[in-house]
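Enquirer: compute the structure for the input listed below.
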Amino acid sequence: MRSPVRPEASEACRYLCAGTHLDKRFRDTVINELYVHEERFAAPSFGIDAARVLAHALLARRLELRWALAILAVWVAALPLTGGEFLWIMLPSLLFTAVSRTRRRLRRASPLLRALGTVLRWYVTLMLVAAMLTMFPFWDEARQLGSGLLGLLLHPPAMLFSFVPWRELSAWIDWPDPLVPLYVPFLVIAVLVGLRQGGFARLMDGPLSAAHFPDPTVDPAEAVRDGRARRLLALVRREQHSPLAIYDSADPFRGAGEPYEPWTLTVELRPRAGHQPEPVDNRAALERVRPLVEALRTPSPHGSPRAAEVVRDRLRELEVDECVFLPPDGLRRREEAPYDAERFAVQRREAIEEGGEARRHFLRIRVGGWEGELMVTVYVRVHTQGGMLMLEVAPYVLLPVLREFRDADRTAHRYVHNSAFSKAVRALTRTPSSLAGSVALLGGWSGSGWNVAVEGNRGALPEGPALAVRELGASDEASLFEWMDVRRYLQSIQERVGEGVKHALYDAGWQTAAFEQKIVNVSGGVYIESARNSAFGFGERSTAVTDNNTNRGTGNEQRRQ
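Expert: Take a look at the predicted model:
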C-alpha cells in the first residue's frame, strides 16, 4: 500500500485555504459554519483538513480587518485635513459602489430596470470622474473642468432634494482650513489598496506555496491566539476524519460529494445442493469483501519489484475502514460524542448486526486522485433479514476544487510579474470602492461577533453539519480524464464488492449462481446477466422475475444528481 497524501498537505486543501483569501463569501460561510455555529458537528472531510481551512479563513478576516481599519481611518481623517472638501470625493465613491452592486442584482430584472440602472451607473461614473479631476495638482484647467462638471451633475439631485437645508448644514460644520490638497489622502488610500492586493501574492509565494504548505509549522494561520478558535479547531480535527459520523437527517452523507448511481441488491438465501448452510451474518460478508477490495492496491506483475513500485495508479492509495453513522439525538454537548476508540468499538459492534434506521454501519472505501482534488467514496452495507441478503452500495464523488481557487498560483504570479503602471492603475481604480468595502467588512465582522455573543450557540444542543467545507469549494465540472478515473475506480471497487459477497455465500453453503456473472453498469443502472434460482431487485420500486433458468432484475435508474 502506498500512503495517500496527508489531508492537511493536499493540493485541494491548499487551494481551499487560498480560496478563503480570494472569495469573501466562501470565507464568511466557512467561519459561520465552523466558528459561529459551534453547536454543529464537523462534516467528514475527504482529502482536506477543514480545520486548516478555517484557520486561514480567520487569518484572512483578520488581515482584511486591519487593512479596512487603516483605509477607513485615512478616509475619515481626510475630511478635516482637506477642510471638508474631500466630501466631494467620498460621496461619489459611495454612490458609485452602491450603483455597481445594485446593477449586478438587476441582471435578471426587466429591460426597463436594467436600462435605468445603466443610465444611473454612467451618471455616477461621470460624477466620480469630475470629482477626481478636481484633485489634479498643477493643472488649473482640469480642476476648473472638474468643478464645473461636478456642479452641473449635482444640480439635479440638489433640486430634487430642495427641502434639505444645504447651506445651514454647511455652516453648521465648521471645517478648519485645508492642511493638505485633495490628492494627498487619495494617493495614500491608493497605496494602501495596492499593498493589500499584494498581500495575497506574498501569501501564495510563502506559506501557501506548493513548497511550504506541507509544513504547518511555517503557516501563520496556525498561530491562533483566540481561545475560542483553538478549542473549535481541536474539535474539528477530532471529528472530521473519525470513523464515527454524526449526521444531519436531511443529508446523511454530507461531506462525501454528490451521489453517483447508488444501487441496492436483494437476493434470497437458498441452500446449495448437498450442503448444510450456515448462517451468514453481516460481519462475515464484509470480512470477505474487505481483503478483495484491499487487493486493488497491488500493482499487476511488472517483472520486478522496482518496476511495480513506479506504478502511480491512485488505487495503490485506496483506503478501507468501517464507519458508523449516528444522529446527534440525546447528546448534550459535542464533546460527549463517542469518538474515542473504546466507545466507538462498542458502537461498531452493536451497529453491524442490528440493521437499525438511525444508527447505521458501513464499509467505507475511498480513493483520492489528482492530488486529493478528485475523491471517490463507496459506502457498502450488508444486512440479512428473513432469509434475504440485502447489499446496499452508495458511491459518492467529490469533483475538483473551484477553478478560481485552483488558479490562485497563476493569479499571484500574474500580479507579481505585472508592470508597475498596471499595478498603479489597478490600485487607483479600486480606491473609490475601498470606502464602502471597508465599512462592509467591519459590519460583517461586527455582525459575526454579535451572533457569537447573543445566539447562544455554545449552550445549544448539538446538531449535525449544515454544510461541508470541501463540498462548498467543489466545482460542478470535471475533465474527461477525471471522469474516466471516476468510472474506473467505481467499477473496480463494485466488482470486488460483488465478488466478496459471492464468496461469503459460497463459504456458508448457499447458492451462488446469482453471482456467476459480473455486476455491470448499464446506462446508469445495475444489471445482472445471469441469476439462476434467485430473486433480485434494484432501486426503489424494483421488480424481479424468476424462472428455472434465468432471473433478471429491473429497477428505476438512479443518476448522479
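
Enquirer: contacts, neighbours, all on C-alpha from now
Expert: Fine.

Enquirer: quick check: residue 65 touching residue 443?
Expert: No: if you go by CA atoms under 8 Å, residue 65 and residue 443 don't touch, sitting 10.3 Å apart.

Enquirer: who touches the nearest residue to residue 432 once chain neighbours are set aside in this structure?
Expert: Nearest non-adjacent residue to residue 432, counting by CA to CA, 6 or more residues apart in numbering: residue 93, 4.8 Å away. Contact analysis of residue 93 by CA atoms under 8 Å, 6 or more residues apart in numbering lists 128, 432, 433, 435.

Enquirer: can I assume residue 359 is in contact with residue 324?
Expert: Yes: with contact defined as CA under 8 Å, residue 359 reaches residue 324; the gap is 7.0 Å.

Enquirer: what is in contact with the two at once?
Expert: With CA under 8 Å, 6+ apart as the test, residue 359 and residue 324 both reach residue 351.

Enquirer: between the two, which is the more surrounded one?
Expert: Per other CA atoms under 10 Å, whichever of residue 359 and residue 324 has more neighbours is residue 324, with 23 against 18.

Enquirer: surely that one is within a helix?
Expert: No: going by DSSP: H, G, I helix; E, B strand; the rest coil, the assignment for residue 324 is strand, not a helix.

Enquirer: hang on, the earlier thing: list the buried residues for the helix or strand harbouring the residue nearest to residue 432?
Expert: If you go by DSSP states H and E, residue 93 is part of helix 87-105. For helix 87-105, the buried set under the neighbour-count rule, 16 or more other CA atoms under 10 Å, comprises 87-90, 92-97, 99-100, 103.

Enquirer: repeat for stretch 69-77
Expert: Residues of stretch 69-77 classed as buried: 71, 72, 74, 75 (neighbour count, 16+ other CA under 10 Å).

Enquirer: would you confirm that the third one contacts residue 187?
Expert: No: if you go by CA under 8 Å, residue 74 and residue 187 don't touch, sitting 10.3 Å apart.

Enquirer: where along the stretch 1-150 of the chain do the helices fall?
Expert: Assigned by DSSP state H, counting those that start in this stretch, the stretch 1-150 of the chain shows helices spanning 11-22, 24-31, 50-81, 87-105, 111-133, 140-160.

Enquirer: which stretch among these comes nearest residue 500?
Expert: Closest approach to residue 500 among these (CA to CA): helix 11-22, 32.7 Å.

Enquirer: show me the shaky parts of the stretch 301-450 of the chain.
Expert: 301-311 (pLDDT under 70).

Enquirer: run the last query once more with 90
Expert: Residues of the stretch 301-450 of the chain that meet the criterion pLDDT under 90 lie in 301-317, 330, 350, 352-358, 368-373, 382-392, 423, 425-437, 440-450.

Enquirer: show me where it has its strands.
Expert: 319-326, 360-369, 374-385, 388-398 (DSSP state E, counting those that start in this stretch).

Enquirer: relative to residue 418, how far out is residue 424?
Expert: 10 Å (CA to CA, to the nearest Å).

Enquirer: centre of the chain versus stretch 223-230, how much separation?
Expert: 22 Å (CA atoms, centre = their mean, to the nearest Å).

Enquirer: give me the contact list for the helix or strand harbouring residue 293.
Expert: In the assignment (DSSP H and E), residue 293 maps to helix 282-294. Applying CA under 8 Å, 6+ apart, the contact partners of helix 282-294 are 318-320, 352-353, 363, 382-384, 493, 496-501, 503-505.
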